[in-house]
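Peer 1: Kindly return the folded structure for what I paste below:
(one chain, ligands or ions: 2)
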Amino acid sequence: MTAFDFNGRHVFVAGGSSGINLGIADAFASHGASLSILGRSQDRLDAALAQLRAHGGRAEGHSADVRDAAAVSAALQRAHQQFGAIDVLVSGAAGNFLAPALGMSANGFKTVVDIDLLGSFNVLRGAHEFLRKPGALAISISASQAFVPTPFQAHVCAAKAGVDMLTRVLALEWGADGIRVNSIVPGPIEGTEGIRRLAPNDTERQRIAARVPLGRFGRVDEIAGIAMMLASPLGAYITGVVLPVDGGISLTGPRDFGAAWAATRHGS
Ligand code: NAP
Ligand code: COA
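Peer 2: Numbering: from 1, shown residues only. Ligands and ions are numbered 1, 2, ... in the order given. This next block holds a predicted model:
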């Protein structure tokens, strides 16, 4: 067996119907895994399933909102019936918009905290009974806002900091079950919805790329590769880690999204 042979493995990806999370799902599907993906939009799930199946993996979709713990648990149970115990769980559903704290209602703040943080709790807690024990890996997809205070991102900063603390706490609590729990922290990844929201034009994107020590945006496959590494025998002793995969940008301090924000409807 090569390190990246996931034949017979079951990978469940919450938020797996687009972007970085779909890239992770696709990488595992292309290396033999069966995929369960969860998202709200059935159309988006269907398009993602066609891609995953075309790349060789068995794949099923589950339409649910991560804010709804019962719906998430029901999806996990169905996935367990379809493909058996979950070997790799990825929790990556998220929401984001640029707004200053004073331009954000309580419900606006709560919406992002509920999707990112409560949603991660629902996915991880709901999955525990269906994870392979020992041996399973849970990965939360975080963001540098978790540890780099970032203007116009109060909701995401608070939510992702919570996600990373959840990673560390569950690594402690679930280590005895043989479950590893880690966070991956992507940098700015080209062609994604997250970047379309934070850097909506070429000027903004160039400005951000210039801040990255490696001088460029990251690619989805560069995040997917690290997820596979963590899930492979190479990652067997890694747990409780918050791992930036970001070209070094989180070393460079707070980003200034002000110009981008000024161009949005809430900033005018
Ligand atoms: P994306 O394409 O918008 O993907 C978000 C996924 O989550 C979609 O599948 C979406 O499907 C699902 N989702 C959103 N809200 C949901 C909800 N309430 N319940 C269930 N599913 C929900 O985003 P992305 O830019 O690739 O980002 C993916 C992850 O990487 C996020 O965790 C993000 O914070 C993190 N990240 C991204 C970047 C970047 O450069 N893009 C940088 C750092 C971190 P539906 O809308 O159909 O539900
Ligand atoms: N500025 C300020 N507040 C905003 C906003 C913005 N740009 N966009 C939404 N909000 C507020 C709304 O006004 C609402 O608050 P209110 O009831 O006080 O008016 C609250 O956020 C919820 O909005 P709603 O549209 O009902 O939320 P939703 O649950 O349908 O969608 C979002 C959640 C807003 C995060 C939506 O953008 C989404 O689904 N995103 C998923 C994709 C994504 O963000 N990908 C990038 C990941 S990094």
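Peer 1: CA only for contacts and neighbour counts going forward, please
Peer 2: Noted.
Peer 1: what sits against the residue nearest in space to the middle of the chain?
Peer 2: In the chain, the centroid-proximal residue (CA atoms, centre = their mean) is Gly92; its distance is 2.4 Å. Neighbouring residues of Gly92 by CA atoms under 8 Å, 6 or more residues apart in numbering: Val13, Ala14, Gly15, Gly16, Asn21, Asp116, Ser120, Ser140, Ile141, Ser142.
Peer 1: Just give the nearest non-adjacent residue to it, would you?
Peer 2: Closest residue in space to Gly92, ignoring its immediate chain neighbours: Ile141 at 4.8 Å, by CA to CA, 6 or more residues apart in numbering.
Peer 1: So what sits opposite the one you found in the bridge?
Peer 2: Ile184 (DSSP bridges).
Peer 1: if I look at Ala236, how far off is ligand 2?
Peer 2: Distance, Ala236 to ligand 2, using CA to the nearest ligand atom, to the nearest Å: 28 Å.
Peer 1: In contact with that residue, which residues?
Peer 2: Going by CA under 8 Å, 6+ apart, the list of residues near Ala236 reads Leu230.
Peer 1: Kindly report the same for Phe4.
Peer 2: His31, Met228, Met229, Ser232.
Peer 1: Would you check which pair of the residues you listed lies furthest apart?
Peer 2: Among the contacts of Phe4, the pair separated by the greatest distance (CA to CA) is His31 and Met229, at 12.2 Å.
Peer 1: follow-up on the earlier one: pLDDT score assigned to the residue nearest to the centre of the chain?
Peer 2: Note on Gly92: pLDDT of 98.
Peer 1: Same check on Asp256?
Peer 2: Asp256 is given a pLDDT of 72.
Peer 1: which SS class is the residue lying closest to it once chain neighbours are set aside?
Peer 2: Residue nearest to Asp256 in three dimensions, not counting chain neighbours: Pro151, with 6.7 Å by CA to CA, 6+ apart. Following DSSP: H, G, I helix; E, B strand; the rest coil, the label given to Pro151 is coil.
Peer 1: In contact with Pro151, which residues are there?
Peer 2: Here Pro151 is in contact with Pro100, Pro254, Arg255, Asp256, Phe257, Gly258 (CA under 8 Å, 6+ apart).
Peer 1: Closest one of the residues you listed to Arg205?
Peer 2: For the contacts of Pro151, the nearest to Arg205 is Phe257 (10.5 Å; CA to CA).
Peer 1: Confirm for me that that closest one is in contact with Arg197.
Peer 2: No. Here Phe257 does not reach Arg197: they are 10.4 Å apart, not a contact under CA atoms under 8 Å.
Peer 1: of these two, who's got more company?
Peer 2: The residue with more neighbours, out of Phe257 and Arg197, is Phe257; 19 against 15, by other CA atoms under 10 Å.
Peer 1: which residues does that one contact?
Peer 2: Contacts of Phe257 by CA under 8 Å, 6+ apart are Leu98, Pro151, Phe152, Leu198, Ala199.
Peer 1: what does Gly248 give?
Peer 2: Applying CA under 8 Å, 6+ apart, the residues near Gly248 are Val212, Pro213, Leu214.
Peer 1: Can you tell me the SS state at Arg255?
Peer 2: Arg255 ends up coil, using three-state DSSP.
Peer 1: Torsion angles phi and psi at the nearest residue to it once chain neighbours are set aside?
Peer 2: Nearest residue to Arg255 in three dimensions, chain neighbours excluded: Thr150, at 5.9 Å (CA to CA, 6+ apart). Dihedral pair for Thr150: phi -130, psi 120, per degrees, to the nearest 10.
Peer 1: again with Phe152
Peer 2: Dihedral angles (degrees, to the nearest 10) for Phe152: phi 70, psi 20.
Peer 1: that older thread, quick one: the residue nearest to the centre of the chain and Val66, what's the gap?
Peer 2: According to CA to CA, to the nearest Å, Gly92 stands 10 Å off from Val66.
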